[in-house]
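Asks: No sequence on hand, only this structure:
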C-alpha cells in the first residue's frame, strides 16, 4: 500500500498526518498514434497451494522465495484502454461487484482518473468470459458501457451461456451464472459480437484465438505507426511461478493441458519476436517483454516514463 504523508501548518505548528488511501492505478504511454492506458481494477490475495496444479507446495515456496514473495500472493487485475483518436476501446472490464466491496471493482475509479467516462467507450474487447474480466460490464442490472459493442470469442459465448454446459461441467456453477449476469445483457441488447478465428475488430486491432484457459480465450494485437502491443488476458496468473515453470497450471483453467501448451507456445513466440505484451494479472501496469532464462522465462517490465511525449 502506498502511504502518503502530508503536513498541515496551523499557526506555525506542523501536524504530521499519515493517509492510507491508495490512489487510482493509471499508466499511459504512446504506441504510434494510439494512447494506451493501463487501468487497475485493484488486487486480491491468492492462496497458491490451493489454486496451482501440476506442482507442489515445496516447489511453489521455492519459486516464490526467489522472487522475494511468500504465500498468499497479491494478484493484480488489469484492464487496458486503447484510444485511437476516433475510438476508445477497453480491453477487459475487471471484476465489478463480483468479488464483493473490498476486492477488485476499482476500474471505474481508474477510468475516471484517466479522464474517460464509461459512455465514451465505443468498444469492449473481452479476452475471455471470467468474473475478473467481464464482471465490470454491469452494475446490478445496469449496463456500465451502454454505448459500447462487446467483442469476445464465440467459443466462450457458446460455452458459458449454454445452461447444459453448467449441468454437465465439473466447473463451479458460479462461472456460468456470472456469465449470464454480465455478458447476456449485452447479447439481449444486440451489443454482443462474438468472433471466430483471427478477426480484424477495428483498423489496427486484431483478435487472435488462443484457447486453453477457456475455449474462446483470445489475444488482441494492436498496431499503430510501426509499433505493436499484444494484450494477453489469462495466459498466466502468477508471474513468479509460471514464467520459470510454464507447465504449472491453475484451477481456473477450463482445459489445463491445453492452457499449459498454449502458454509455452506464446512465451516462446514472444521472446523470439521481442514483442511488447500486456497481461491481466502481471504486477500493475502489467506491460513489458519476455526473455528466456534457464529452462523457463523471465518477465522484464517496461521502464517507467512520465514526461511530455
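Replies: Ah, there it is. Keep in mind the model is a prediction, meaning the values are calculated, not measured. Residues are numbered from 1 along each chain as shown.
Asks: which parts of stretch 200-212 are buried?
Replies: 201-202, 204-207, 209-212 (16 or more other Cβ atoms under 10 Å). All C-beta spots, glycine's among them, are computed from the backbone N, C-alpha and C.
Asks: Sketch out the helices for the stretch 101-250 of the chain, chain order is fine.
Replies: 107-113, 131-134, 154-160, 163-168, 173-182, 184-188, 239-242 (DSSP state H, counting those that start in this stretch).
Asks: Confidence-wise, which of these is weakest overall?
Replies: The weakest mean pLDDT among the helices of the stretch 101-250 of the chain belongs to helix 163-168, with a mean of 89.
Asks: Tell me how far the lengthiest strand in the chain lies from the chain's centre.
Replies: For the chain, the strand with the greatest residue count under DSSP state E is strand 34-46. When C-alpha coordinates are averaged (Cα atoms, centre = their mean, to the nearest Å), strand 34-46 and its chain have centres 7 Å apart.
Asks: So which elements touch that strand?
Replies: Packing partners of strand 34-46 (3 or more Cβ pairs under 8 Å, 6 or more residues apart in numbering; DSSP states H and E): strand 26-31, strand 73-83, helix 107-113, strand 218-224.
Asks: Give the buried residues for that strand.
Replies: For strand 34-46, by 16+ other Cβ under 10 Å, it's 34-44, 46.
Asks: Which elements pack onto the following helix or strand past it?
Replies: Once strand 34-46 ends, the next helix or strand along the chain (criterion: DSSP states H and E) is helix 48-51. For helix 48-51, the packing partners by 3+ Cβ pairs under 8 Å, 6+ apart come out as helix 57-66.
Asks: now the helix it packs on: mean pLDDT?
Replies: So the average pLDDT for helix 57-66 ends up being 97.
Asks: From the contact counts, what lies against it?
Replies: So helix 57-66, by 3+ Cβ pairs under 8 Å, 6+ apart, packs with helix 48-51, helix 239-242.
Asks: List the strands paired with the following helix or strand past the first one, with their directions.
Replies: Spelled out, that is helix 48-51. The helix or strand immediately downstream of helix 48-51 is strand 52-53, counting by DSSP H and E. Pairing partners of strand 52-53, with direction, according to DSSP bridges: strand 249-250 (antiparallel).
Asks: helices or strands up against the helix or strand following the partner strand?
Replies: For strand 249-250, the following helix or strand on the C-terminal side (DSSP H and E) is helix 256-273. Contact partners of helix 256-273 among helices and strands, from 3+ Cβ pairs under 8 Å, 6+ apart: strand 249-250, strand 287-293.
Asks: What is the last one packed up against?
Replies: Read it as strand 287-293. helix 256-273, strand 276-278, strand 296-301.
Asks: can you rerun that using 6 Å?
Replies: helix 256-273, strand 296-301 (3 or more Cβ pairs under 6 Å, 6 or more residues apart in numbering; DSSP states H and E).
Asks: before we move on, the earlier item: ok, residues contacting the longest strand of the chain?
Replies: Here strand 34-46 makes contact (Cβ atoms under 6 Å, 6 or more residues apart in numbering) with 25, 27-29, 72-84, 94, 103-104, 106-107, 110-111, 114, 224, 284-285.
Asks: Of those, select the buried ones using a ChimeraX command.
Replies: To isolate in ChimeraX the members of the contacts of strand 34-46 that are buried, counting by 16+ other Cβ under 10 Å, one can use:
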select :25,27,28,29,73,75,76,77,78,79,80,81,82,83,84,94,103,104,106,107,110,111,114,224,284,285
